[in-house]
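Trainee: My questions concern the predicted model and sequence given below.
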Amino acid sequence: AQTVTQSQPEMSVQEAETVTLSCTYDTSESDYYLFWYKQPPSRQMILVIRQEAYKQQNATENRFSVNFQKAAKSFSLKISDSQLGDAAMYFCAYRRAQGGSEKLVFGKGTKLTVNP
Amino acid sequence: NAGVTQTPKFRILKIGQSMTLQCTQDMNHNYMYWYRQDPGMGLKLIYYSVGAGITDKGEVPNGYNVSRSTTEDFPLRLELAAPSQTSVYFCASRELAGGVYNEQFFGPGTRLTVL
């Protein structure tokens, strides 16, 4: 079974600085998708960024980028120029690309605090 | 578009009671999902549906039932509530075209406490 591990329960960063959140996963599949979701205090789950495993190029979305290391099964999220609105729980998630792939497997999350 | 809406926002149940959590989406999405989020944990899939009349179990289906009579609605039924079902419940949907890479849109969640 696939598992997703986020080893940092909490992280903090100063406003305008850069922070990296870690995620590792375990799978025997070769084709899959990886996601980072943000959950602010409102509880709404918001997709931040996604990566297809067969793409070597790391995904970027404005201030958010990932470092995808397929061989190491690592998928870290880098937030540049951190803003107060970035404070939230961040969840890493995995999904198979093939049949039976409706299940998103989530990590336990990392709570990010942004200090002014 | 309102997106994915869930009712109620909060609910307290007594052990053994039953209730239905409502979920509606107005994006004409084929796929709909129910997740639960326990404290300090990520979301776990309870049930999902690929279209009206079609549902399937997820990772943690015991104690729940679903139905999908329309594209818009995907209610989750709890029978004989137990304290272990205390959780935050999220409904989500996504469109069919483009495959599993498509973003799931989440509702705001329902916080359920069973005492």
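Mentor: That came in fine, so what should we check first?

Trainee: where are the low-confidence patches of chain B?
Mentor: B:97-101 (pLDDT under 70).

Trainee: Could you list the buried residues of the helix or strand residue B:6 falls within?
Mentor: Following DSSP states H and E, the helix or strand that holds residue B:6 is strand B:4-7. Under the neighbour-count criterion of 16 or more other Cβ atoms under 10 Å in any protein chain shown, strand B:4-7 has B:4, B:6 buried. Any C-beta I mention is one placed from the backbone N, CA and C, and that applies to glycine too.

Trainee: Identify the residues contacting the helix or strand following that strand?
Mentor: Sequence order places strand B:10-13 as the next helix or strand after strand B:4-7, per DSSP H and E. Contacts of strand B:10-13 with the rest of the structure, by Cβ atoms under 8 Å, 6 or more residues apart in numbering or on different chains, involve B:19, B:78, B:81, B:110, B:111, B:112, B:113, B:114, B:115.

Trainee: Could you list everything the residue nearest the centre of chain A pairs with in the sheet?
Mentor: Of all residues in chain A, the one closest to the mean position by Cα atoms, centre = their mean is residue A:36, 3.2 Å from it. Here residue A:36 sits in beta bridges with residue A:49, residue A:92, going by DSSP bridges.

Trainee: How far away from the center of its chain is stretch B:60-69?
Mentor: Chain-centre distance of stretch B:60-69: 9 Å, with Cα atoms, centre = their mean, to the nearest Å.

Trainee: How about stretch B:78-95 and chain A, any contact?
Mentor: Yes - part of stretch B:78-95 sits close enough to chain A to count as contact by Cβ under 8 Å from any Cβ of the partner chain, namely B:88, B:90, B:92.
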